[in-house]
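S.K.: would you be able to build a 3D model of this:
(chains A and B)
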Amino acid sequence: DAGVTQSPTHLIKTRGQQVTLRCSPKSGHDTVSWYQQALGQGPQFIFQYYEEEERQRGNFPDRFSGHQFPNYSSELNVNALLLGDSALYLCASSLAEGPNTGELFFGEGSRLTVL
Amino acid sequence: QKEVEQNSGPLSVPEGAIASLNCTYSDRGSQSFFWYRQYSGKSPELIMFIYSNGDKEDGRFTAQLNKASQYVSLLIRDSQPSDSATYLCAVKTTRGGKLIFGQGTELSVKP
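M.R.: Numbers count the residues shown, from 1 in each chain, chains lettered A, B, ... in the order given. I've put the predicted structure just below:
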């Protein structure tokens, strides 16, 4: 049973560039959430996708956008990168319905460095 | 006021002792509470969840919830060096059900 997979694991970009991060949820899961985790901080909620639509959004600017595909996989796009966007980006999958909603399964993350 | 607050630590305990990790939250209507463990350089993994007031035990771990005080805690009995990690408290909010994390408490268990 494959868990949550993310790609790429590490990447380096320069200010102003754009980046796309990818995530495949755990088998059977239909909801994908994205988090940004700066060094020494807890994960910050970016947004959540369900049924190919953004269902919830945190306090992140419009430079952060996403997409969910019919197979439940998801992408996170960040435009006009800033130095402050350097962080670990975590994808988490879960079930939208059932007794265990809210239990997140995390991928290993994509470490983004902006120079 | 932050939505979820934890003691930032680091918290250092000797091997075999009880480690106590605390968390408060601001959304009084929150119903679901989670503790995640994150080893350095790794992603968070779920340890326990609790929905009802009182205690919930799972092996060496006990989660405690007091909704009136908006307080949730995690006790780790017989702490082991392998328990050394950052512990993240997470609360499922009433506003859309997103999971909000605290800043984490770093725990160090000394042999």
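
S.K.: and stretch B:33-49, end to end?
M.R.: 6 Å (C-alpha to C-alpha, to the nearest Å).

S.K.: tell me, how many residues neighbour the nearest residue to residue A:78 once chain neighbours are set aside?
M.R.: Nearest residue to residue A:78, sequence neighbours excluded (C-beta to C-beta, 6 or more residues apart in numbering or on different chains): residue A:19, at 5.1 Å. Where you see a C-beta, it was placed from the backbone N, CA and C, and this is true even at glycine. Neighbour count of residue A:19, defined by other C-beta atoms under 10 Å in any protein chain shown: 18.

S.K.: correct me if wrong: residue A:19 contacts residue A:82.
M.R.: No - Residue A:19 is beyond contact range of residue A:82, at 11.5 Å (criterion: C-beta atoms under 8 Å).

S.K.: so which residues on chain A come close to chain B?
M.R.: For chain A, the residues in contact with chain B (C-beta under 8 Å from any C-beta of the partner chain) are A:33, A:35, A:41-45, A:48, A:55-56, A:58, A:90, A:92, A:101-109.

S.K.: show me what the lowest-mean-pLDDT helix or strand in chain A is packed up against.
M.R.: When each helix and strand of chain A is scored by mean pLDDT, DSSP states H and E, strand A:53-57 comes last, with a mean of 91. Other helices and strands packing on strand A:53-57, by 3 or more C-beta pairs under 8 Å, 6 or more residues apart in numbering or on different chains; DSSP states H and E, are strand A:44-50.

S.K.: so what does the strand it packs on touch, helix or strand wise?
M.R.: strand A:31-37, strand A:53-57, strand A:64-68, strand B:99-101.

S.K.: how about those strands in JSON lines, adding mean neighbour count and distance to residue A:77?
M.R.: Listed next are the helices and strands packed on strand A:44-50 as JSON lines, based on neighbours: other C-beta atoms under 10 Å in any protein chain shown; distance: least, C-beta to C-beta, whole Å:
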{"stretch": "strand A:31-37", "mean neighbour count": "25", "distance to residue A:77": "10"}
{"stretch": "strand A:53-57", "mean neighbour count": "14", "distance to residue A:77": "12"}
{"stretch": "strand A:64-68", "mean neighbour count": "18", "distance to residue A:77": "5"}
{"stretch": "strand B:99-101", "mean neighbour count": "24", "distance to residue A:77": "22"}
